[in-house]
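> can't give you the sequence, but here's the structure:
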């Protein structure tokens with residue numbers, strides 16, 4: 001038997017999707033400080049968005065820590081370079097230190113004194129903090145959705161996947177700057193700081209302090225840059241004002257790093273719900289999805305009759321492979337979340353416009369010609385778009401000469417997209433199959449459903465033209481309204497310069 005290339009490709013993708021136990025996400029979006037990734041929270045790999053948490057009593061495993069501390073002396077006049085720190089700190093911290101040293105070196109050229117720097121770099125990497133699936137369970141409401149075969153509602157709420165583990169990072173950079181009239185650094189100061197800074201976590205921290213009376217600290221400047229630090233029990237210990245405070249700061253940071261939820265998110269491990277034992281048991285994915293068709297003729301060509309009755313002459317059993325069910329569920333779940341997010345984004349744009357217009361109407365009449373702040377353009381030698389209060393108000397109203405405003409037109413387009421594509425697609429996906437409510441969600445891939453297989457409708461710029469979707473950027477009559485969205489991104493919410 002020969003298999004065609006498309007068949008082999010489909011089989012490979014199907015196998016990879018279903019067998020892949022997890023996926024690591026460590027891009028800039030998951031590290032966005034405006035988001036809150038937590039164990040068990042829903043996640044869509046297709047859109048990169050976070051959804052609701054459907055796990056009750058999340059019991060995390062204890063994290064493992066990598067703890068690294070280095071202290072290096074940097075001379076602005078010859079000697080060591082900041083490049084020697086590259087292998088001991090992250091790229092972000094290295095850039096921060098390099099910029100600081102460069103500014104310090106420039107200021108040193110204006111005086112007869114030379115500035116020397118001693119840099120303490122602490123980095124804590126926390127990983128293996130994961131959701132214990134043997135002790136954590138799905139919420140009762142989530143279970144009810146699955147037991148009643150409401151898969152679409154479940155994935156819209158909980159997401160196609162969830163966060164199983166989180167890796168966090170804590171970093172602390174301490175820069176000691178001091179001045180003297182020699183290009184040679186003060187070795188006694190370096191020795192003293194090193195004895196304070198090379199901290200071995202434990203009770204011997206206090207015993208590592210030493211005192212040397214021949215050190216002049218009058219020109220000492222301490223700069224601390226911390227990322228991912230939690231709130232310390234004694235907040236004063238996090239602000240050293242002299243060298244003697246530094247060991248207490250390091251001790252506080254080390255203790256603080258032991259807290260399981262302390263640290264900036266560096267990456268997450270994502271697992272599809274269909275690959276979770278908790279989900280599989282509740283959703284009965286371990287059972288076979290089959291159906292029998294019976295006819296009143298032995299060759300199967302007669303009329304369909306109820307199986308198990310006297311009229312039955314032949315029976316044909318059809319079974320759906322469990323792996324196919326998993327694959328279809330994953331793909332359809334991602335599709336539903338992606339299209340729903342597209343609708344939400346369109347409605348959010350309308351809400352933004354409405355709120356922005358309300359703010360513009362609140363400005364006094366004498367500020368109509370006042371310039372507004374451009375929130376998206378930094379004036380570093382480039383020309384930034386400019387708008388006045390009246391100019392932005394006129395553009396966002398977008399009156400077309402026939403009494404219809406931009407917001408009205410946009411609402412009409414959203415309603416058209418929902419009625420023409422979103423609703424029919426969801427209706428077909430939620431159809432009954434094999435006597436199972438929403439069985440079609442597991443049985444049929446969305447690309448095989450005529451109401452769903454409009455690929456252009458899955459893009460954020462999708463515009464329903466009455467028969468199918470097309471990119472709004474390719475519709476000449478929509479160009480002016482697209483520009484209004486760009487203006488809203490730049491000037492809303494409006495602020496006077």
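Structure's in. What do you need? Predicted model only: the values in this text are computed from it and were never measured.

> now the helix of greatest length in the chain: mean pLDDT?
Longest helix in the chain, counting residues (DSSP state H): helix 322-362. pLDDT averaged over helix 322-362 equals 92, rounded to a whole number.

> now swap in stretch 150-170 and tell me
Taken as a whole, stretch 150-170 carries a mean pLDDT of 94.

> After the longest helix of the chain, heading C-terminal, what element do we hit next?
Toward the C-terminal end, the helix or strand that comes next after helix 322-362 (DSSP states H and E) is helix 389-397.

> now whichever helix or strand comes after that following helix against helix 389-397, angle please.
Using DSSP H and E, the next helix or strand after helix 389-397 towards the C-terminus is helix 406-417. Calculated by axes from the mean of the first three to the mean of the last three CA atoms, to 10 degrees, helix 406-417 forms an angle of 20 degrees with helix 389-397.

> Quick one: residues in contact with helix 406-417.
By CB atoms under 8 Å, 6 or more residues apart in numbering, the residues outside helix 406-417 that reach it are 343, 346-347, 349-350, 353-354, 357, 396-398, 400, 457, 462-464, 466, 469, 481, 484. The way it works is simple: take the backbone N, C-alpha and C, and place the C-beta from them, glycine included.

> follow-up on the earlier one: chain center to the longest helix of the chain: distance?
Computed by CA atoms, centre = their mean, to the nearest Å, the separation of helix 322-362 from the middle of its chain amounts to 15 Å.

> What of stretch 56-72?
Centre to centre, stretch against its chain (CA atoms, centre = their mean), the figure for stretch 56-72 is 21 Å.

> before we move on, what about stretch 398-409?
Stretch 398-409 has its C-alpha centroid displaced from the chain centroid by 36 Å (CA atoms, centre = their mean).

> Please, where are all the helices along this protein?
For the chain, the helices defined by DSSP H occupy 5-19, 91-108, 140-147, 151-158, 187-197, 246-256, 277-282, 322-362, 389-397, 406-417, 423-429, 440-443, 479-491.

> Quick check: which helices or strands does the fourth one pack against?
Pointing back at helix 151-158 there. Contact here means 3 or more CB pairs under 8 Å, 6 or more residues apart in numbering; DSSP states H and E; on that basis helix 151-158 packs against strand 49-53, helix 140-147, helix 322-362, helix 440-443.

> now the third one and helix 389-397, what's the angle there?
Here the directions of helix 322-362 and helix 389-397 differ by 140 degrees (the same axes, to 10 degrees).

> Reformat the helices of the chain as CSV; add mean neighbour count and distance to residue 32.
Conversion of the helices of the chain to CSV gives the following (neighbours: other CB atoms under 10 Å; distance: least, CB to CB, whole Å):
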stretch, mean neighbour count, distance to residue 32
helix 5-19, 12, 27
helix 91-108, 15, 14
helix 140-147, 16, 26
helix 151-158, 22, 21
helix 187-197, 18, 33
helix 246-256, 20, 23
helix 277-282, 17, 27
helix 322-362, 18, 16
helix 389-397, 18, 27
helix 406-417, 16, 26
helix 423-429, 17, 29
helix 440-443, 24, 31
helix 479-491, 16, 17
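
> Mind putting the ones you listed into CSV with distance to residue 308?
Conversion of these to CSV gives the following (distance: least, CB to CB, whole Å):
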stretch, distance to residue 308
helix 5-19, 34
helix 91-108, 69
helix 140-147, 26
helix 151-158, 29
helix 187-197, 82
helix 246-256, 68
helix 277-282, 29
helix 322-362, 25
helix 389-397, 66
helix 406-417, 46
helix 423-429, 30
helix 440-443, 23
helix 479-491, 60
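
> Nearest approach to residue 120 belongs to which of those helices?
Between residue 120 and these, the shortest gap by CB to CB is with helix 187-197, which sits at 4.7 Å.

> If you average the pLDDT over the closest one, what comes out?
Averaged over helix 187-197, pLDDT sits at 52.

> you'd agree residue 126 is up against residue 228?
No - counting by CB atoms under 8 Å, no contact exists between residue 126 and residue 228, whose distance comes to 9.1 Å.

> Between these two, point out the one with more neighbours.
It is residue 126, of residue 126 and residue 228, that has more neighbours when counted by other CB atoms under 10 Å, with 24 against 18.

> The more buried one bridge partners, please.
Here residue 126 shows beta-bridge partners residue 65, residue 168, assigned using DSSP bridges.

> Can you tell me how far it is from residue 251?
As for residue 126, its distance to residue 251 is 18 Å (criterion: CB to CB, to the nearest Å).

> can you check residue 272 too?
Taken as CB to CB, the span from residue 272 to residue 251 is 42 Å.

> any idea of the pLDDT on the residue lying closest to residue 308 once chain neighbours are set aside?
Spatial nearest neighbour of residue 308, excluding adjacent residues (CB to CB, 6 or more residues apart in numbering): residue 294 at 7.8 Å. Note on residue 294: pLDDT of 84.

> you'd agree residue 294 is up against residue 314?
Yes - shown here, residue 294 and residue 314 form a contact pair, counting by CB under 8 Å, at 6.8 Å.

> So the two - more neighbours on which side?
When residue 294 and residue 314 are compared on other CB under 10 Å, the one with more neighbours turns out to be residue 294, at 20 against 15.

> Name whatever forms a beta bridge with the more buried one.
Taking DSSP bridges, one obtains residue 305, residue 315 as the residues bridged to residue 294.

> Can you get me a residue count around residue 449?
Using other CB under 10 Å as the criterion, residue 449 is surrounded by 18 other residues.

> contacting residues around it?
Applying CB under 8 Å, 6+ apart, we find residue 449 in contact with 425, 428-429, 440.

> Confidence-wise, which of those comes last?
In terms of pLDDT, the lowest of these is residue 440, showing 89.
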